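J.: Let's see this in three dimensions:
(chains A, B and C)
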Amino acid sequence: MTQLTDLTLAHARLGLRNKHFSAVELTQAYLDAMAKAKPLNAYITETPELALAQAKAADARLAKSEAGALEGLPIAIKDLFCTAGVRTTAGSKILGSFVPPYESTVSAKLKAAGAVMLGKANLDEFAMGSANITSHFGPVENPWKSKRDPQARLVPGGSSGGSAAAVAAKIALAATGTDTGGSIRQPASFCGIVGIKPTYGRCSRYGIVAFASSLDQAGPMARTVEDAALMLVAMAGHDPLDSTSAPQPVPDFAAAINRGVQGLKVGVPKEYRPDGLDPAIARLWDQGLEWLVAAGAKVVPVSLPHTSYALATYYIVAPAEASSNLARYDGVRFGLRVGGETLDDLYRKTRAEGFGTEVRRRILIGTYVLSAGYYDAYYAKAQKVRALIAKDFRQAFDQVDCLLTPTAPSAAFAIGANSDDPITMYLNDVFTVPTSLAGLPGLSLPAGLSADGLPLGLQLIGRPFDEETLFAAAQVIENAAGLFPVAGGRP
Amino acid sequence: MSLDNATVRTIANLARIEVPEADLPHLAKELSTILGWVEQLGQVNTEGVAPLASVTGELALPWRADAVTDGAYPDKILANAPEAANGFFLVPKVVE
Amino acid sequence: MSDSAYRVEGQTGTWEVVIGLEVHAQVISKAKLFSGAAADFGALPNSQVSFVDAAFPGMLPVINETCVEQAVRTGLGLKAAINPISVFARKNYFYADLPAGYQISQYDKPIVGEGTVLLDLADGKTRAVGIERLHLEQDAGKSLHDQHPSKSYIDLNRAGVALMEIVSKPDLRSPEEAGAYLRKLRSILRYLGTCDGNMEEGSMRCDINVSVRHPGEPLRTRCEVKNVNSVRFVMQAIEAEATRQVELYESGGTVVQETRLYDPAKGETRSMRSKEHAHDYRYFPDPDLLPLVLAPDFVARIKASLPELPDEKKERFMRDYGLSPYDAGVLVTDRAAADYYEAVAKGRDPKTAANYVMGDLFGALNRTGRTIENPPVAAQALGQLIDRIGDGTLSGRLAKEVFELMVETGKDADALIAEKGLKQVTDTGAIETAIDQVMAANADKVAEYRSGKDKLFGFFVGQVMKATQGKANPALVNDLLKRKLAG
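T.: Numbering: from 1, shown residues only, chains lettered A, B, ... in the order given. As a prediction, the model looks like this:
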């Protein structure tokens, strides 16, 4: 029997409008599922009462045919988006009891569209991580299991690991994520769902706890390409409260999914096929290209010569910005305070105690690369290489309409793996970081399974503000590859 | 770049993060490894390249009208404060 | 350098003082630089604070257009280059009243570049002082240290208010020049309406860079004296700091570059040890803001709207009213005073008008504590008084008396003349009668005068004026006395 939680967002939307079930029933189904899926630790804060109240209000509007675009649809909000009156932690002890008196623009837009908030999704602390193991509130478990080692608890990817796990485990219809270097796309790939990091400036950053301001971008995570498109329409749009928000009209992304790819030129960057790339991933990539070609697209080899420098660039720029963005967590106005004799003592103890290992590490790196005598060698140099990386993409887009690459260099791995050495963990983002540095839109969708039966994603990269092409191409791949519900049903 | 304990102590002080002396050697090694890794950028020829601080392209900095539209909610400002009194935030006494 | 150059005489020789000033001027605007919270003084603690100002998670800055306009206006008033592209940078440091852990400021790309301020010197000459730059930045909050034995109280009402930091070149050479620079800068800012220039309230604050050297030497190490809040203290602080440095050098020591504070009670500067541990501000472009781009027509429009500034006004006063450089300089310092003067001088003798404004009126302002915007005697009323001198109704002496009565009573000159019968006596007969009486009462002095003691003439004038209660026309008294005394 099909359960309510099996419906896609698009189908649930129809079901609500056609009164097949109520928003309260749908929300209750999700709350029940959440109760059973606690071991995944996908949520930091669940808001069942708020959700039911919102669902009730949604039913009232549905009855009066005043429904918003996402009326009555239960979703998860990454706990990096400030939500008025609901604790917002950023996965950190330092904000462990912070209750914002204001709402982020993106979550406010979703609310205004009628979406029901189930709770705040777990994440890597301050969105710094690629496995969701740095959260102060514990790691998130991927609902997928490896065929080779079914006992192993796998990571969902990060930093939007709670959002990805919740969507994959069907304890949220969709979720918001944020992506700084791959934090939407890599967990989407690990959990077999669709995630898109839109063009920098497409979604407002107002009210999203900042990690690296020049890279941070919100986006949706959903079970299908269409669901992601419906979510992004509601989330996107110019915001005068964010100086970097683009005054661009928001196209009907959901309408773009049926455009097809006839005549579309799809670039294949050779630098994304390094020696030692997992053969399963390489095969899947080729398969993806074949699907697009079969639908009328043309494959064009391109080169992005500075690709291999992107990670190093990112690990200068992002920590530098983070070191400054996180200076406000000082125990004075909000958040944790660990007492000290003097103000400096208070700062030092609060920040040592309030931040986890990875956050402290990045703050220290960021502080160092900005410090006197090192700025030019590290930060200024990285911003120059960043300019070259962006130029690589501009030149490629002179020849092609979009790019197809793998999303991540591997499938999900076990909790505890890859954590001995920070750099090994950083390598997870090798295919997603260049797009972030250039501010371009990138969409990840599941396209196949690894030998261990774990989902693998492909990434589509587009021109600035041309998310529509990505949705069109993604729909073609999704049609060919099918959906990837968690093997074995639900956890 | 290989960081010594003293440099790590200085950075930690700038960042106002307490690091126990015993942790310095380990941290110095870890940070040195990361810095050594990012130094691969030295191989890239960036002569004549302008640094890219923002990817927003031609977007101009938007301006706000000079109008009082915000503030006047001291209770909300102080609501999350670890220590407050009489409308002020409180911190250990700062000696000038 | 002229012979009158300021020098500190040490035991080993003569020292020259090199001074540069960094002035923080609060921009006149309704809201803060990057938020919609109010920017005015005096509200309850933390009541003019937005979540942006308090640096809450996820809050973002959006720049106030008026603050940009005010900075450009000030730049143009300082005859400075306006940079079409400037960049906001973060200056990172921890302090209790700096909520974000960084101040949004401008670093290597300020909004305004090099300019000039003309100093009006005491001898009527002018001297050009270079402006290095002007940039926009946020003010910090306020820490109160005297409210509690072990706590500091933090009020963020000031946090985020727009400041212009105006940096001079190290062109100043004496406390007097530094004072003249500050007064001139304040005058220009007030003319432009970009800062109220009130140092006592803190809307204009000054950091002083001081070094000393033997004339002709290259620059030596400088010290920065922070946060001095009056022109007088700036001048005193320079003298104290220069003396300290000279004594240090002459006793075999060296000056260490550091931040110091001036203690007006002790008349000395002292090291700010709390700021001593190495600062490293880690400036980098603020990724929450894009470069600030100024369109040429935006700058042109502001330029076209600039008022006549003190230097041009001074030129015009000298040219059109024939005033001395000194008088013109004094009158244009304050725009309202200059306007007042022009209203009085219009159609009248400009020199008399200048004397009355600078002497009697300014004196009355000092005495009564009133301002030129709200004077005890309106410009029109002072004009009428001067007209009564011109038409012979009042002598100069009577006019001064009438002016004082105008200050006291608020009545106009004609009313007071009528009321008090202060009209000058020009009736020859009445004056002759008075002279005859005085001569009769002082026959001995008349004889002495006639025997050659000319100096007694003044005595007779005085007696006649006394007899007429000062109302006699002095010129007539002179004429008639001379004739009668001559016999």
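
J.: near chain A, which residues of chain C show up?
T.: Residues of chain C found near chain A (Cβ under 8 Å from any Cβ of the partner chain) are C:51, C:54-63, C:90, C:92, C:94, C:96, C:99-102, C:152, C:154, C:280, C:282-284, C:287-290. To be clear about C-beta, it is placed using only N, CA and C from the backbone, and glycine gets the same treatment.

J.: Quick check, the residue in chain A closest to chain B?
T.: A:Gly439 (2.9 Å; Cβ to the nearest Cβ).

J.: which residues touch that residue?
T.: A:Thr199, A:Tyr200, A:Gly201, A:Leu215, A:Ala390, A:Pro464, B:Val55, B:Thr56 (Cβ atoms under 8 Å, 6 or more residues apart in numbering or on different chains).

J.: One more: C:Gly113?
T.: C:Gly75, C:Ala80, C:Ala81, C:Ile82, C:Asn83, C:Arg133.

J.: now, which of these sits nearest chain A?
T.: C:Asn83 (19.0 Å).

J.: Can you check the pLDDT for the closest one?
T.: For C:Asn83, the pLDDT comes out at 98.

J.: how close does it sit to C:Glu114?
T.: 10 Å (Cβ to Cβ, to the nearest Å).

J.: A:Leu277 now?
T.: The value you get for A:Leu277 to C:Glu114, if Cβ to Cβ is used, is 56 Å.

J.: next one: C:Thr126
T.: 18 Å.

J.: in the chain, which ranges drop under the pLDDT threshold?
T.: Looking at chain A here, since you left the chain open. Residue ranges of chain A with pLDDT under 70: A:1, A:487-491.

J.: ah, I was thinking of chain B
T.: Within chain B, the stretches with pLDDT under 70 are B:1, B:96.

J.: interface residues of chain B facing chain C?
T.: With the criterion set to Cβ under 8 Å from any Cβ, chain B comes near chain C through B:10, B:13-14, B:16, B:53-54, B:56, B:59-72, B:74, B:76-78, B:83, B:85-96.

J.: ok, and what's touching stretch C:368-384?
T.: C:334, C:336-337, C:340, C:343-344, C:346, C:348, C:353, C:356-357, C:361, C:364-365, C:385, C:403, C:406-407, C:410, C:412-414.

J.: how long is stretch A:259-274 from one end to the other?
T.: Taking Cα to Cα, to the nearest Å, the first and last residues of stretch A:259-274 lie 32 Å apart.

J.: no, scratch that, I was asking about stretch A:2-19
T.: Separation of the first and last residues of stretch A:2-19 by Cα to Cα is 17 Å.

J.: Equivalent analysis for stretch C:267-285, please.
T.: End-to-end distance for stretch C:267-285: 40 Å, by Cα to Cα.

J.: Identify the residues contacting the residue in the stretch 301-450 of chain C that chain A sits nearest to.
T.: Here the stretch 301-450 of chain C gets closest to chain A at one residue, C:Ile302, 22.2 Å apart by Cβ to the nearest Cβ. By Cβ under 8 Å, 6+ apart, C:Ile302 lies in contact with C:Glu69, C:Val72, C:Arg73, C:Leu76.

J.: would JSON lines of these with pLDDT, neighbour count and distance to chain B be doable?
T.: Converted to JSON lines, those look like this (pLDDT from 0 to 100; neighbours: other Cβ atoms under 10 Å in any protein chain shown; distance: Cβ to the nearest Cβ, whole Å):
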{"residue": "C:Glu69", "pLDDT": "98", "neighbour count": "21", "distance to chain B": "9"}
{"residue": "C:Val72", "pLDDT": "98", "neighbour count": "24", "distance to chain B": "12"}
{"residue": "C:Arg73", "pLDDT": "98", "neighbour count": "23", "distance to chain B": "13"}
{"residue": "C:Leu76", "pLDDT": "98", "neighbour count": "20", "distance to chain B": "19"}
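
J.: hmm, back to that, quick check: PyMOL command selecting the buried ones in the residues of chain B next to chain C.
T.: Remark: buried members of those, expressed as a PyMOL selection using 16 or more other Cβ atoms under 10 Å in any protein chain shown:
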select buried, chain B and resi 10+13+14+16+53+54+56+59+61+62+63+64+66+68+70+71+74+76+77+78+88+89+90+91+92+93+94
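
J.: picking up where we left off before, and the furthest pair within the contacts of C:Gly113?
T.: C:Ile82 and C:Arg133 (11.5 Å; Cβ to Cβ).

J.: shared neighbours, those two?
T.: Contacts common to C:Ile82 and C:Arg133, judged by Cβ under 8 Å, 6+ apart, are C:Val112, C:Gly113.
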